[in-house]
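> What would the 3D arrangement of this be:
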Amino acid sequence: MTAATRSEHDLLGDRDVPADAYWGVHTLRATENFPITGTPISAYPHLIDALAAVKEAAALANEELGLLEAKKAEAIVAACREIRAGRLHEQFVVDVIQGGAGTSTNMNANEVVANRALELLGHAKGEYQYLHPNEDVNLGQSTNDVYPTAVKIATVFAVRGLLKAMFVLQDAFARKAVEFRDVLKMGRTQLQDAVPMTLGQEFSAYAVMIDEDRSRLAEAVELIHEINLGATAIGTGLNAPAGYAESARRHLAEITGLPLVTAANLVEATQDCGAFVQMSGVLKRIAVKLSKSCNDLRLLSSGPRAGLGEINLPPVQAGSSIMPGKVNPVIPEVVNQVAFEVIGNDVAITMAAEAGQLQLNAFEPIILHSLSESITHLQSACVTLAERCVDGITANTEALRRTVENSIGLVTALNPHIGYTAATDIAKEALVSGRGVAELVLEKGLLPAEALADLLRPEVVAGTGQALA
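Sure thing, here's the model as predicted:
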């Protein structure tokens, strides 16, 4: 030990720890054992806040039950509140992916809280005879109930940001639906001309897809509110006194403002990761729909001269180092890639949940990492797509109308008014001659010009009155 270090002891022996570090020997060994991603848990502020909230709730419960003396409880609570206010996050240094079912994360939290509490009591860091990371901060707890509870709370708070971002994107699509409500175009099935619709209907569908998934996401959050705090190691509650689980849950609910409930069967809750699988499945669903929408935007904007060219995406950067003037659909492309990542994360979460054995799943660190990345990146993707792309989309109105007038699909809309046989003949002639359906209908006197114009109004040909209601 030197002036710049302090000596700490654990099961494996003595180690020197930086004197100014709030973490201790357990955290030190974890940083040496798990140099995996280079991403410390401090990169997940919701997790750090959640860990501090759990430790605060536990201290209050233990004091309430007469297990922790008041001055220790007060110091622990004060340290936790500082952490939840944003202090000391840089002291949470263990890698997010780690062996041990999250034990290193729990010990990192125990040590940081203990050493800050020691300072508040007037002692030096590492003087654990006065307040101990395990005996006091972790009293009545196990990593196996602390870590999953903290991950769930962190997930709930992270999802709130995603829900807001999804609404931003939903609103952007909805505003474009109104803007384009009278812009006629051809719908397509299997990339072939189908029947007329409006561009507004197309964008309205994107808005509705986002809205539906916001509802599914809110439903998935309800499962996350069920926690196993008080279960300790395997769900039997060993070393947690009678009344502790309910007291800790009540305090944690008050601290977080969340409607937390204790699982009915703590043995089941300690080994089961079903709520995370469900949440990941909803995130994958969101990703799939976002990606499909971006596929459409890229296709509809293809060109500008040799593609569909139905819409214009706002140019945000030059597209090529060799082709002057080329502009690529980079915003939809980046959102596509986020979707691919989320789908891959869902596979990782599924495998991690399946790999659990007996009374514990040891792989929740990768579940935390994957869920957090999916939620955070989807949130950024939604806002980026809305603000850097959808808000600036314009329609090539006249080009769209020409495709409607020239499309064989228009004859389907006229079929009830000119008859199936005549409609079939018009379709054949239009295909052979390359002339428009409307032009041929007028030439053959099948409908007066005024009646045809009336039938080609958006609210008639595309049923917009109903679709955009």
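
> hey, let's count contacts and neighbours off CA atoms from now on
OK.

> how about the strands in this protein?
Taking DSSP state E as the criterion, the chain carries its strands at 5-10, 13-18, 184-189, 192-198, 226-227, 261-262, 311-312, 394-395.

> any chance of these in TSV, with mean neighbour count too?
As requested, these are exported to TSV (neighbours: other C-alpha atoms under 10 Å):
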stretch	mean neighbour count
strand 5-10	15
strand 13-18	15
strand 184-189	20
strand 192-198	20
strand 226-227	22
strand 261-262	18
strand 311-312	22
strand 394-395	18
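
> how about these in JSON lines, adding distance to residue 87?
Compiled in JSON lines, the strands of the chain are given as follows (distance: least, C-alpha to C-alpha, whole Å):
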{"stretch": "strand 5-10", "distance to residue 87": "22"}
{"stretch": "strand 13-18", "distance to residue 87": "19"}
{"stretch": "strand 184-189", "distance to residue 87": "55"}
{"stretch": "strand 192-198", "distance to residue 87": "53"}
{"stretch": "strand 226-227", "distance to residue 87": "26"}
{"stretch": "strand 261-262", "distance to residue 87": "29"}
{"stretch": "strand 311-312", "distance to residue 87": "47"}
{"stretch": "strand 394-395", "distance to residue 87": "46"}
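
> Quick check: which of those is nearest to residue 125?
Closest approach to residue 125 among the strands of the chain is made by strand 5-10 (8.5 Å; C-alpha to C-alpha).

> Averaged pLDDT, that closest one. What do you get?
Computed over strand 5-10, the mean pLDDT rounds to 92.

> Can you say which of the strands of the chain is nearest to residue 423?
The nearest among the strands of the chain, by C-alpha to C-alpha, is strand 192-198 at 13.8 Å.

> Each with direction, which strands does the closest one pair with?
Partner strands and pairing direction for strand 192-198 (DSSP bridges) are strand 184-189 (antiparallel).

> what's the domain layout of the chain?
5-139, 146-239+257-397, 408-467 (automatic domain parsing).

> Out of those domains, the one nearest residue 247 is which?
For residue 247, the closest of the domains of the chain is domain 5-139, at 5.3 Å, according to C-alpha to C-alpha.

> So for the closest one, first residue to last residue, what's the gap.
This stretch, domain 5-139, spans 27 Å end to end (C-alpha to C-alpha, to the nearest Å).

> and it, how far from the chain's centre?
Centroid displacement of domain 5-139 relative to its chain, using C-alpha atoms, centre = their mean, to the nearest Å, is 28 Å.

> okay if I get the domains of the chain as JSON lines plus distance to residue 246?
Below are the domains of the chain laid out as JSON lines (distance: least, C-alpha to C-alpha, whole Å):
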{"stretch": "domain 5-139", "distance to residue 246": "9"}
{"stretch": "domain 146-239+257-397", "distance to residue 246": "7"}
{"stretch": "domain 408-467", "distance to residue 246": "50"}
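
> so who does residue 339 touch?
284, 287, 288, 290, 291, 378 (C-alpha atoms under 8 Å, 6 or more residues apart in numbering).

> now the nearest residue to residue 362 once chain neighbours are set aside: how far from residue 145?
Using C-alpha to C-alpha, 6 or more residues apart in numbering and skipping the chain neighbours, the partner closest in space to residue 362 is residue 101 (4.0 Å). According to C-alpha to C-alpha, residue 101 stands 11 Å off from residue 145.

> what do you get for residue 248?
Taking C-alpha to C-alpha, one finds residue 248 at 12 Å from residue 145.

> Check residue 116 too.
Counting by C-alpha to C-alpha, the gap from residue 116 to residue 145 is 23 Å.

> what does residue 68 give?
Residue 68 is 19 Å from residue 145, by C-alpha to C-alpha.

> between the two, who's got more neighbours?
residue 145 (23 against 20; other C-alpha atoms under 10 Å).

> which residues does the more buried one contact?
Counted by C-alpha under 8 Å, 6+ apart, residue 145 has contacts 228, 229, 230, 231, 232, 233, 270.

> switch the cut-off to 6 Å
Counting by C-alpha atoms under 6 Å, 6 or more residues apart in numbering, residue 145 makes contact with 228, 229, 231, 232.

> Roughly how far does it sit from residue 113?
18 Å.

> ok, now residue 175?
48 Å.

> quick one, which of the two is more surrounded?
Legend: neighbour count by other C-alpha under 10 Å for residue 175 and residue 113, higher for residue 113 (30 against 18).

> Among the contacts of residue 339, which lie within helices?
Secondary structure defined by DSSP state H assigns 284, 287, 288, 290, 291, 378 of these to helices.

> how about the helices of the stretch 251-400 of the chain, start to end?
Using DSSP state H, counting those that start in this stretch, the helices of the stretch 251-400 of the chain run over 266-271, 274-300, 330-354, 364-388, 397-406.

> For those, please prepare TSV with the additional fields mean pLDDT and distance to residue 97.
Shown next, in TSV, are the helices of the stretch 251-400 of the chain (pLDDT from 0 to 100; distance: least, C-alpha to C-alpha, whole Å):
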stretch	mean pLDDT	distance to residue 97
helix 266-271	89	19
helix 274-300	97	17
helix 330-354	97	12
helix 364-388	97	5
helix 397-406	86	51
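
> and of these, who's closest to residue 5?
Among those, the nearest to residue 5 by C-alpha to C-alpha is helix 364-388 (29.9 Å).

> Give the buried residues for that closest one.
Across helix 364-388, burial judged by 16 or more other C-alpha atoms under 10 Å covers 364-386, 388.

> What of stretch 269-288?
Residues of stretch 269-288 classed as buried under the neighbour-count rule (16+ other C-alpha under 10 Å) are 269-273, 275-288.

> where's it relative to the chain centroid, distance-wise?
From the chain centre to the centre of stretch 269-288 is a distance of 11 Å (C-alpha atoms, centre = their mean).

> same thing with stretch 248-257?
Offset of stretch 248-257 from its chain centre (C-alpha atoms, centre = their mean): 24 Å.

> What of stretch 352-359?
The answer for stretch 352-359 is 24 Å, by C-alpha atoms, centre = their mean.

> Please enumerate residues in contact with that stretch?
Contacts of stretch 352-359 (C-alpha under 6 Å, 6+ apart): 234, 271, 273, 363.

> which stretches of the stretch 101-250 of the chain aren't confidently modelled?
Applying pLDDT under 70 to the stretch 101-250 of the chain flags no residue at all.
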